[in-house]
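Q: fold the following for me, if possible:
(2 chains)
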Amino acid sequence: MKICVLVKQVPDHEALVKVRSDGTLDIEDRWVTGFFDEIALEQALRLREALGGTVTAVAAGGGKQTDALRRALAMGVDTVVQLDDPALILADGLGVARALAACVRTLAPDMVLAGRVALDDEMGLVGPAVAEHLGWPYVGAVVALETDGAGFSAVRQIEGGKQAVKGRLPVLLTATKGLAEPRVPKVMAVMKASRARIETRDLASLGLDAAAVAPLVRVLSYRPPPTRPAVKMITGDLDAQVETLAAILLSASGGGS
Amino acid sequence: MSRALVVVENTGGNVRRACLEALGRARSLGLTAEALVTGTDPLAAAAAVAPYADLVLCAAHELFAHGDADVLVPLVAGVVTERSPVLILVPATLTGRDLAARLAARLGAPYAAEVTDISLDPSGRPRAVRPVLGGKALATVGFAGDGPCLVTVRANALGMPAPGQPGEIRSTDPRVDPGAVRTRVTPLDEAGAGRVPLGEAGIVVSGGRGLQDASRFELLEKLADRLGAAVGASRAVVDAGWKDVSFQVGKSGNTVAPRLYVAFGVSGAVHHVMGMDGSGTVVVVNKDPDAPFFKHADHGLVADAVQVLGLLVRRLGG
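A: Residues are numbered from 1 along each chain as shown, chains lettered A, B, ... in the order given. This is a model prediction of the structure:
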C-alpha cells in the first residue's frame, strides 16, 4: 500500500505572539511539526508495518517546512517531497491544496492522511480541499482506522458523537487526537534525517503557475485579543466562599436561585 | 437586496445555535437571510428556522440523514448557483467545517473558518474576524473577487437574534445523485448524547486533575445539569483515560466560547487556555494559588476543587 502524508511546520503553541502597532504579527521563532500531522504520520507508519508498502511525506512551502519533512524522515517515512515555489509564499489554503493535490496525483497513492487542522492559521481547509480536487472520498477527524488495502473502515468524531464510515480506497482522511500516539524518533534517526537530501519540486513541474495558487483570502490586519480585567479572588471561610461562588454562577448563568 | 445563504445543520429537529446566530447577523447587515435545511424529513427543522429567516429552502432526501458531504456539496453548490448569495454561512462544527472546505474547493470561493465577527466593507463586500494561533491574535480578513464568500461561524460569537414573522418555507430539488455517494455512514451510540454539545453550550463546567478521581466527574455532571451546562475536561484528564477526547477543551481538543466557563482543578496550561480564552465570565477553582489559570479568570477561588464542588452541588440542589 502506498500512503502520502501531508505535513506542516507551525509555530509552537508556547511561542510568544505579539501584534505590532502596524497590525502585523511578531511570532517567536519556535517551531514544531503539526500536532495532528504527527498523528497522521504515526498512523501511516503503523499501516505500512502491518500491510507493507511505502509512506511519502509531502509539505508545501520553503524555509521551515524542511523541518517537518526531516521530522517525518526521523519518524520513519520512506521518502519526502517539498513543494517549494516563490508563488507559494503568498498562497492561501486553497492555493496550497491545489498544489498538494497536483503533487499527490503524480505520486498516485492509495491513501492520503493529513492532520485535522494546523494550529497556526487554524483553517482546517487543506485536507478536505485536496480530497475535493482529487475527486476522492473524504473522512475528517478520524479516531480509528482499519484497512485491508482495498477498503477502509473509520470512526470519525462529529459534534457530540461519533460516526462509522466505510468505503473503498483511494481515500483522504484527516487525523485527530485518539487515532495514534506519535512515536518519538531515536537520536540516530534524527541525526540521519538532518543530513538527508530533500527532494524539491516547483509549481511548473506539476503543470501549475502562480495564478493557480493566487490567494483568495487576505489578512487585512491583526489585533490582540481583548484583555480580561485582573482576577477578583473570592474570600472568606469555605462556606462563605461557596455561597459567593453559587451567587456568581447563578447570576452569570442567568438561572434563578 | 443582496442575499446570504445559511446552510443549516440539524440533528433530530434540533438546529445548531450558530445557524440562527448567522441568520440574525445576515439580517442585521441588511442582507436577505435565506436558509437551506436538509434531512430525511426536514420540516420540523425548517419551522424552527423560519422565524429567523426571510426564506427557508427545504431539501428532503433519505441520504441527507447523516449530513454526508458527498450529497451536501452538490446540493449547496446548486443552490448557490441558483440564489447567487454574496455570503454563505455554515456552522463551525466538525462536519460544517469539512463541508465548507470542500465547497470552497468546489466553487473556488474564498473561505474563512471559525469567524467570530462579520461586517461589510464600504463597497458591500464581506469582511470577517477570526482568531488565529490559539486565540493569541485576531485576524481581520478580506475576500478577493466578487463571487460568493464562504465562512464557518463559531457558536456564541454573533449573538442570538429575536424571532420574528416566520419566513416562507419552500421545498427545493435535493439534487441527489446516489452514484456520487462513496462512503457508508452509520451513527454510533455515544455516552453523553442528549446533553448540550460542548461547542455551542452557553455554559461549560470543566474538570482537571485537581478532581483527583474519574468518579468525581459525576458531581461535575450534576452541577452541569443544574446549570444547563456542558461538561469539559483538561488534557491531563483525557490522557489519564478519565474522559473521552471529545470532552477535551484546548489546543488538541475543542475550542469553546460560552458566556460562562467554570474550571475545577484545572491548572490552566497554555494549551487549555487556547481553547477557552474567548469565553465570557471565567471562574477558576484551584487549591494552588499560583495556578496559571487565575491570570485568565474573572473570579478565582483558592480551595480544594473536590470539596468546593461537593458543597456547591449541595447548595444548588441536583
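
Q: okay, now the unreliable bits of the chain?
A: Defaulting to chain A. Low-confidence segments of chain A (pLDDT under 70): A:255-257.

Q: sorry, I should have been clearer: chain B.
A: Applying pLDDT under 70 to chain B flags the ranges B:12, B:189-194, B:318.

Q: 90 - rerun?
A: Scanning chain B with the threshold set as pLDDT under 90 gives B:1, B:11-14, B:66-68, B:188-197, B:251-252, B:317-318.

Q: centroid residue for it?
A: B:Ala155 (4.0 Å; C-alpha atoms, centre = their mean).

Q: any idea which helix or strand carries that residue?
A: If you go by DSSP states H and E, B:Ala155 is not part of any helix or strand.

Q: centre of the chain to stretch A:237-249, how far?
A: Computed by C-alpha atoms, centre = their mean, to the nearest Å, the chain-centroid distance of stretch A:237-249 equals 42 Å.

Q: still on that earlier bit, gap between the residue nearest to the centre of chain B and B:Val249?
A: 14 Å (C-beta to C-beta, to the nearest Å). For every residue, glycine as well, the C-beta is placed using N, CA and C.

Q: cool, and B:Ala162?
A: Counting by C-beta to C-beta - B:Ala162 and B:Val249 are separated by 30 Å.

Q: if you count what's nearby, which of those two comes out ahead?
A: Each of B:Ala162 and B:Val249 has its neighbours counted (other C-beta atoms under 10 Å in any protein chain shown); B:Val249 has more, 30 against 7.

Q: A:Arg183: what secondary structure?
A: coil (DSSP: H, G, I helix; E, B strand; the rest coil).

Q: what's near enough to touch A:Leu134?
A: Shown in contact with A:Leu134 (C-beta atoms under 8 Å, 6 or more residues apart in numbering or on different chains): A:Ala101, A:Val104, A:Arg105, A:Val112, A:Pro170, A:Leu172.

Q: now do 7 Å
A: A:Ala101, A:Val104, A:Arg105, A:Leu172 (C-beta atoms under 7 Å, 6 or more residues apart in numbering or on different chains).

Q: can you flag the buried ones in the residues you listed?
A: Buried members of the contacts of A:Leu134, counted by 16 or more other C-beta atoms under 10 Å in any protein chain shown: A:Ala101, A:Val104, A:Leu172.

Q: in helices, which of these fall?
A: When helices are assigned by DSSP state H, the members of the buried ones among the contacts of A:Leu134 inside them are A:Ala101, A:Val104.

Q: can you add distance to B:Ala257 and give the buried ones among the contacts of A:Leu134 back as TSV?
A: What follows is these, written out as TSV (distance: C-beta to C-beta, whole Å):
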residue	distance to B:Ala257
A:Ala101	33
A:Val104	35
A:Leu172	30
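
Q: looking at the buried ones among the contacts of A:Leu134, which is nearest chain B?
A: A:Ala101 (8.7 Å; C-beta to the nearest C-beta).

Q: how about the nearest residue to the closest one, chain neighbours excluded?
A: Distance criterion C-beta to C-beta, 6 or more residues apart in numbering or on different chains; nearest residue to A:Ala101, sequence neighbours excluded, is A:His133 at 3.6 Å.

Q: repeat that for B:Leu211.
A: B:Gly265 (4.8 Å).

Q: which residues does that neighbour contact?
A: B:Gly207, B:Gly208, B:Arg209, B:Gly210, B:Leu211, B:Asn286, B:Ala305.

Q: quick one: the fifth one from B:Gly179, how far?
A: Just to be clear, that refers to B:Leu211. From B:Leu211 to B:Gly179 the distance is 51 Å (C-beta to C-beta).

Q: swap in the last one?
A: In this structure, B:Ala305 lies at 55 Å from B:Gly179, with C-beta to C-beta as the measure.

Q: the two: which has the busier surroundings?
A: B:Ala305 (25 against 7).

Q: got phi/psi on that one?
A: When read as degrees, to the nearest 10, the backbone of B:Ala305 gives phi -60, psi -40.

Q: surely it touches B:Arg209?
A: No. When contacts are counted by C-beta atoms under 7 Å, B:Ala305 is not listed as touching B:Arg209 (9.4 Å).

Q: ok so, going back, OK, contacts around the residue nearest to the centre of chain B?
A: B:Arg17, B:Ala18, B:Pro91, B:Gly199, B:Glu200.

Q: what does B:Val49 give?
A: Contact partners of B:Val49, counting by C-beta under 7 Å, 6+ apart, are B:Val8, B:Val15, B:Cys19, B:Ala35, B:Val37, B:Val56.

Q: quick one, strands of the stretch 151-300 of chain B?
A: Counting by DSSP state E, counting those that start in this stretch, the stretch 151-300 of chain B has strands at residues B:168-171, B:183-188, B:203-207, B:230-233, B:260-264, B:281-285, B:299-301.

Q: nearest to B:Gly96, out of the ones you listed?
A: strand B:183-188 (15.5 Å; C-beta to C-beta).

Q: on that earlier part again, just the ones of the contacts of B:Gly265 in helices?
A: Those of these lying in helices (DSSP H): B:Ala305.

Q: so which of the contacts of B:Gly265 is the most crowded?
A: Ranking the contacts of B:Gly265 using other C-beta under 10 Å puts B:Gly207 first, with 30 neighbours.

Q: give me the phi and psi for B:Val176.
A: Residue torsions, per degrees, to the nearest 10, at B:Val176 are phi -90, psi 130.

Q: and it, how many neighbours?
A: B:Val176 has 20 neighbours, counted by other C-beta under 10 Å.

Q: report the spatially nearest residue to it, omitting neighbours in sequence.
A: Nearest residue to B:Val176 in three dimensions, chain neighbours excluded: B:His61, at 4.8 Å (C-beta to C-beta, 6+ apart).

Q: neighbours around that neighbour, how many?
A: Using other C-beta under 10 Å, B:His61 has 17 other residues around it.

Q: my read: it touches B:Thr172, true?
A: No. Between B:His61 and B:Thr172 there is no contact under C-beta under 7 Å: 10.9 Å.

Q: which residues of the stretch 101-250 of chain B lie near chain A?
A: Taking C-beta under 7 Å from any C-beta of the partner chain as the criterion, the neighbours of chain A within the stretch 101-250 of chain B are B:101-102, B:104-106, B:110-114, B:131-145, B:182-188, B:190, B:193, B:197, B:199, B:203, B:227, B:245-246.

Q: thank you kindly, that will do.
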